[in-house]
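Novice: All I have is the shape, not the residue letters:
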């Protein structure tokens, strides 16, 4: 009897829409459509677009490729890497800092942005600090940099 096949750990990207239909805006632009063409896109929340990549570095590179569009059409870009956390997301600046070696994965701090999940969509976020118990079922927990918390 053979052992069950365990799928490889993947890094996820979640783009949070702004005041527009994010999927339409990204896929209607040729450069963004090409950058996203190799990914299976999903909508885990009605105002988001998500995909999986092979690594934190690949996720950050994709976000850099999409930067022009993200600035205009997205309110946030999040990354979840299983080597850091299975339940908490990273802000784009924190993911970049980890990828660049400026922050160690185990030392990401204790500042958070919390997106409540309301009626299948991400609602306006709030901020928190400390080692709180978060409701991962009803909110998307995002680790952020101290600068993002203060800014």
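Specialist: Nice, I can see it. Keep in mind that what you see is a predicted model, and the values were worked out from it rather than measured.
Novice: Quick check: buried residues in the longest helix seen in the chain?
Specialist: Ordering each helix of the chain by length in residues (DSSP state H) puts helix 56-65 first. Residues of helix 56-65 classed as buried: 56-57, 59-60, 62-63 (neighbour count, 16 or more other CB atoms under 10 Å). No exception for glycine: its C-beta is placed from N, CA and C like everyone else's.
Novice: Taking the centroid of the chain, which residue is nearest it?
Specialist: residue 78 (1.8 Å; CA atoms, centre = their mean).
Novice: now whichever strand or helix holds it: how far from the chain's centre is it?
Specialist: In the assignment (DSSP states H and E), residue 78 maps to strand 74-80. On the basis of CA atoms, centre = their mean, to the nearest Å, strand 74-80 sits 4 Å off its chain's mean C-alpha point.
Novice: same question, stretch 144-151
Specialist: 16 Å.
Novice: try stretch 98-107
Specialist: Using CA atoms, centre = their mean, the offset of stretch 98-107 from its chain centre is 16 Å.
Novice: Now do the buried residues in that stretch.
Specialist: 98-99, 103.
Novice: Residue 141 pairs with what?
Specialist: Beta-bridge pairing for residue 141 (DSSP bridges): residue 114.
Novice: Report the rounded mean pLDDT for the strand holding residue 78.
Specialist: What strand 74-80 shows for mean pLDDT is 97.
Novice: Can you list the neighbours in contact with that strand?
Specialist: 11-18, 22, 56, 59-60, 63, 66, 70, 86, 88-92, 95, 113, 125, 140, 142 (CB atoms under 8 Å, 6 or more residues apart in numbering).
Novice: Quick one, which of those residues are buried?
Specialist: 11-18, 22, 56, 59-60, 63, 66, 70, 88-92, 95, 113, 125, 140, 142.
Novice: three-state assignment of residue 49?
Specialist: For residue 49, the assignment made with DSSP: H, G, I helix; E, B strand; the rest coil gives strand.
Novice: which residue packs closest to it, ignoring adjacent ones?
Specialist: Leaving aside its chain neighbours, residue 49 sits nearest to residue 15 (4.6 Å; criterion: CB to CB, 6 or more residues apart in numbering).
Novice: what's near enough to touch the one you found?
Specialist: Counting by CB under 8 Å, 6+ apart, residue 15 makes contact with 22, 26, 48-50, 70, 74, 76-78.
Novice: who's in contact with stretch 38-47?
Specialist: 14, 16-17, 22-23, 49-53, 117, 120-122.
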